[in-house]
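Visitor: Build me a structure from this.
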Amino acid sequence: MKLAGLVEYDGARFAGWAAQPETRTVEGELSKALGTVLRRPVKLAVAGRTDAGVHASGQVVSFETETDLSPSLVAYKATAVLPEDVALRRCVAVPDGFDARRDAKSRGYEYRMVNDEIRSPLMRQRAAYEPRGMDFGLLVGAGEMVRGVHDFSAFTPSKGYHVRFERVVTESGWAREGDLLVYRISADSFLYGMVRTLVGTMQEVALGRREPEGFEALLSGGRRTEAGPAAPAKGLTLTSVGYGGDLWR
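Guide: So this is what the prediction gives:
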């Protein structure tokens, strides 16, 4: 049967999602755990490959297997043998043709940044740290500019594997929770490194190092060298993948 799983992980000690020889990855650990529980190799399809240090609360995988175990028991048993920084939070049966990546309609990310003179030990692995004062109004304005249909070629490596750089962004906004700044963005899909580079470039706007008009111009295309640096991976979390309905019901 075909199963879909909701995967949560703390990316701090992983070299990203994709399996690599002699390297600790989320895919490697999850495939090994499922192979142990199901007593056969498992090939995973994933909604989005995350980089080293990036976290997930809403990652989705799909895979085929032959088992008498219920989907919920697969999730329970796999999580029991997984290391403490990754879990298969949910598992459900899906139609045979379902593919976690191909069938995804949208994806959502959250970026967290502590903006205070004093660093936060509790946030050291889950949020970036910016001690300099930032103009929150400029940050909010830049986030609003990102909503809509844009060419994001300036926000991904120029030698990447993408051939289409236009994306439809349905949500893009900053919120303040004390000294924690949270950026939330949802789109039909994302380019490699897009969210972190957007955050790094918006951060330059908020620090007064880049004019808002210059940032807006980059949303119509441009070279990667014209945008700002990518923000640290530890602040980024994949929070949701949309499939046009509640998959977990």
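Visitor: Now do the domain split for the chain, please.
Guide: Following automatic domain parsing, one gets these domains for the chain: 2-103, 106-241.
Visitor: what separates the shortest one from the chain centre, distance-wise?
Guide: Read that as domain 2-103. In terms of Cα atoms, centre = their mean, to the nearest Å, the centre of domain 2-103 is found 15 Å from the chain centre.
Visitor: pLDDT averaged over that domain - what is it?
Guide: Domain 2-103 shows a mean pLDDT of 97.
Visitor: Can you measure across that domain, start residue to end residue?
Guide: 14 Å (Cα to Cα, to the nearest Å).
Visitor: and H55, backbone torsions?
Guide: According to degrees, to the nearest 10, the main-chain angles of H55 amount to phi -100, psi 170.
Visitor: ok, back up a step: could you point out which of the domains of the chain sits nearest L247?
Guide: Shortest separation from L247 across these is recorded for domain 2-103, at 6.1 Å, computed as Cβ to Cβ. C-beta coordinates here come from the backbone N, C-alpha and C atoms, glycine included.
Visitor: Is it correct that R147 is in contact with R167?
Guide: No. R147 is beyond contact range of R167, at 11.1 Å (criterion: Cβ atoms under 8 Å).
Visitor: circling back to that earlier point, how about CSV for the domains of the chain, with mean neighbour count added?
Guide: Output for those, formatted as CSV (neighbours: other Cβ atoms under 10 Å):
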stretch, mean neighbour count
domain 2-103, 18
domain 106-241, 17
